[in-house]
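Engineer: Structure for this input, please:
(2 chains)
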Amino acid sequence: MAFELPKLPYGLDSLAPIISKQTLEFHYGKHHQAYVNNLNTLVPGTAFENSSLEDIIKKADGGIFNNAAQVWNHTFYFFSFSPKGVKEPKGALVDAIHKQYGSFPEFKEQFATAATTLFGSGWAWLVKKQDGTLDIVKESNAGNPLRNGLTPILTCDVWEHAYYLDYQNKRPDYVKSLWDILDWEIISKRY
Amino acid sequence: MSFELPKLDYSYNALEPYIDARTMEIHYTKHHAAYTSKLNDAVNGTALEGKTIFELFRSVSSLSPAIRNNGGGFYNHSLFWKVLSPNGGAPKGDLLSAINTSFGSFDKFKAEFSNAAATRFGSGWAWLVKTGNGLVVSSTPNQDNPLMDVAEVKGTPILGLDVWEHAYYLNYQNRRPDYIEAFWNIVNWEEVSKRFIS
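Structural biologist: Model (predicted):
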């Protein structure tokens, strides 16, 4: 069965001015869609014909991995936002963040540093390790923590296409702005 | 002595419509300038101060990521601005002969170079490299280049194309192939020839 671009739960203009409608039109409508299309072109006739997206990410290499992971990563990224989301973590994730980072602001600081210092294209991740503790990891290009047995909780896309129309070279401003549209109701449930 | 941001040989709008003035200005005054100053920050006051960029590249695998990334960013963009010109044209003389020998024809070379630029996943560069075995097309991730000891294809880069999204996103967005096609209109073949001969 072919992979599909998931429908977004918000309008393309609803995250502005943090993420503009134009950026979403390209990022979701072109980049994300292209990864879906590429994957659907590459997979038929391979061992991954009946695999789940997660299975492909864990086992595949090369173009199949790149496109599968980029489909998953973008879906995970876009589904972390909401125009009027809950601004702070809830439930068990609060305790885990406090335990690991001391406070929510301190976590934000460390996560932003990871996203800002990742060189080139890639993704910054908050992940849950198998023992339940948290970690912040940087992955280049299509990198995805599922490959290392980690559970993704939050991600920040730092490919330049994610922010260049709105922020140009000012990646730190983009990263800082995202806190206003992240929905911690959704993110907390992932933990 | 510090590394310096080289002056541009043309104005920000000189490469329009292929590269727009806004992209040119941000690319040069923000991205290239930042690589240059961060390279100086990484080198100055250390045992590496005074080494040439080529010396740094030759042993870059043993140096900090800051030197690899910013040194590459400094050098690659310096080369990039030089191999671009409002007055394009086509390769001639010894360079054209070498291209024909290595690739069969100029068109085949262009196709191979364009493909290297289009298929580089993520950020990076496509190169035409002078090697001991003639001319070779390659691509490198991020700000690596063929002068670095970490490069798969090592040699002297004589033509480079920046395929970081910052190089084309304001003008071409997701259409990297259109940017690559446009690039062929503004290659400074005299400069590429000079680098080939020297």
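Engineer: Every contact and neighbour count from this point should use C-alpha atoms.
Structural biologist: Noted.
Engineer: how close does the most centrally placed residue in chain B get to B:Ala117?
Structural biologist: Central residue of chain B (C-alpha atoms, centre = their mean): B:Gly160, 3.4 Å from the mean position. The gap separating B:Gly160 from B:Ala117 is 10 Å, by C-alpha to C-alpha, to the nearest Å.
Engineer: what touches both of the two?
Structural biologist: B:125-126 (C-alpha atoms under 8 Å, 6 or more residues apart in numbering or on different chains).
Engineer: So residue 5: helix, strand or coil?
Structural biologist: Here I'm looking at chain A. coil (DSSP: H, G, I helix; E, B strand; the rest coil).
Engineer: should've been chain B
Structural biologist: coil.
Engineer: Count the neighbours of it for me.
Structural biologist: By other C-alpha atoms under 10 Å in any protein chain shown, 18 other residues sit near B:Leu5.
Engineer: my read: A:Thr151 touches A:Lys128, true?
Structural biologist: Yes: taking contacts as C-alpha atoms under 8 Å, A:Thr151 lies within contact range of A:Lys128: 4.9 Å.
Engineer: need the contact list for A:Val137.
Structural biologist: A:114, A:124-127.
Engineer: mind checking how far the host helix or strand of it is from the chain centre?
Structural biologist: Following DSSP states H and E, one finds A:Val137 within strand A:134-140. Mean-position distance between strand A:134-140 and its chain equals 11 Å (C-alpha atoms, centre = their mean, to the nearest Å).
Engineer: partners of it in the sheet?
Structural biologist: Strand A:134-140 has these partner strands in its sheet, going by DSSP bridges: strand A:122-128 (antiparallel).
Engineer: Need the residues that contact the strand it pairs with.
Structural biologist: In contact with strand A:122-128 (C-alpha under 8 Å, 6+ apart) are residues A:111, A:114-115, A:118, A:134-143, A:145, A:150-159, A:191, B:122.
Engineer: And the helices in chain A, which stretches?
Structural biologist: A:21-26, A:33-42, A:53-59, A:62-78, A:92-101, A:104-117, A:164-167, A:171-178, A:184-190 (DSSP state H).
Engineer: what's the closest of these to B:Asn69?
Structural biologist: Nearest of the helices of chain A to B:Asn69, taken as C-alpha to C-alpha: helix A:104-117 at 11.5 Å.
Engineer: The closest one packs against which elements?
Structural biologist: Helix A:104-117 is packed against helix A:92-101, strand A:122-128, strand A:134-140, helix A:171-178, with contacts defined by 3 or more C-alpha pairs under 8 Å, 6 or more residues apart in numbering or on different chains; DSSP states H and E.
Engineer: do that again at 10 Å, thanks
Structural biologist: Under the contact definition 3 or more C-alpha pairs under 10 Å, 6 or more residues apart in numbering or on different chains; DSSP states H and E, helix A:104-117 sits against helix A:92-101, strand A:122-128, strand A:134-140, strand A:151-157, helix A:171-178.
Engineer: now check the last one, is it near chain B?
Structural biologist: Think helix A:171-178. No: with C-alpha under 10 Å from any C-alpha of the partner chain as the criterion, chain B is not reached by helix A:171-178; the gap is at least 11.3 Å.
Engineer: List the buried residues of that helix.
Structural biologist: A:171, A:173-175 (16 or more other C-alpha atoms under 10 Å in any protein chain shown).
Engineer: Adding pLDDT and distance to B:Ala34, write those out as CSV.
Structural biologist: Converted to CSV, those look like this (pLDDT from 0 to 100; distance: C-alpha to C-alpha, whole Å):
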residue, pLDDT, distance to B:Ala34
A:Arg171, 98, 13
A:Asp173, 98, 16
A:Tyr174, 98, 18
A:Val175, 98, 19
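Engineer: From those, pick the one nearest chain B.
Structural biologist: Comparing those against chain B with C-alpha to the nearest C-alpha picks out A:Arg171 as the nearest, at 11.3 Å.
Engineer: just for chain A, where's the confidence low?
Structural biologist: For chain A, the stretches with pLDDT under 70 are A:1.
Engineer: tell me which parts of it are close to chain B?
Structural biologist: A:23, A:26-27, A:30-31, A:34, A:62-63, A:66, A:119-122, A:140-142, A:159-166, A:168-170.
Engineer: just the buried members of those?
Structural biologist: For the residues of chain A next to chain B, buried by 16+ other C-alpha under 10 Å: A:23, A:26-27, A:30-31, A:34, A:66, A:119-122, A:140-142, A:159-166, A:168-169.
Engineer: what bits of chain B have low per-residue confidence?
Structural biologist: B:1.
Engineer: Have a look at it and report its longest helix.
Structural biologist: helix B:65-82.
Engineer: Can you confirm whether it lies near chain A?
Structural biologist: Yes: using C-alpha under 10 Å from any C-alpha, helix B:65-82 reaches chain A at B:65-66, B:69.
Engineer: mind putting these in TSV, distance to A:Lys99 and neighbour count included?
Structural biologist: Formatted as TSV, the entries for the residues of helix B:65-82 next to chain A read as follows, by distance: C-alpha to C-alpha, whole Å; neighbours: other C-alpha atoms under 10 Å in any protein chain shown:
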residue	distance to A:Lys99	neighbour count
B:Pro65	31	13
B:Ala66	32	16
B:Asn69	34	19
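Engineer: Redo those as TSV? Include distance to B:Asn174.
Structural biologist: Below are the residues of helix B:65-82 next to chain A laid out as TSV (distance: C-alpha to C-alpha, whole Å):
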residue	distance to B:Asn174
B:Pro65	28
B:Ala66	29
B:Asn69	24
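Engineer: ok now stretch B:147-162, how far from the chain's centre?
Structural biologist: 9 Å.
Engineer: got the contacts of A:Val137 as TSV, with neighbour count columns?
Structural biologist: Below are the contacts of A:Val137 laid out as TSV (neighbours: other C-alpha atoms under 10 Å in any protein chain shown):
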residue	neighbour count
A:Ala114	20
A:Ala124	26
A:Trp125	24
A:Leu126	21
A:Val127	23
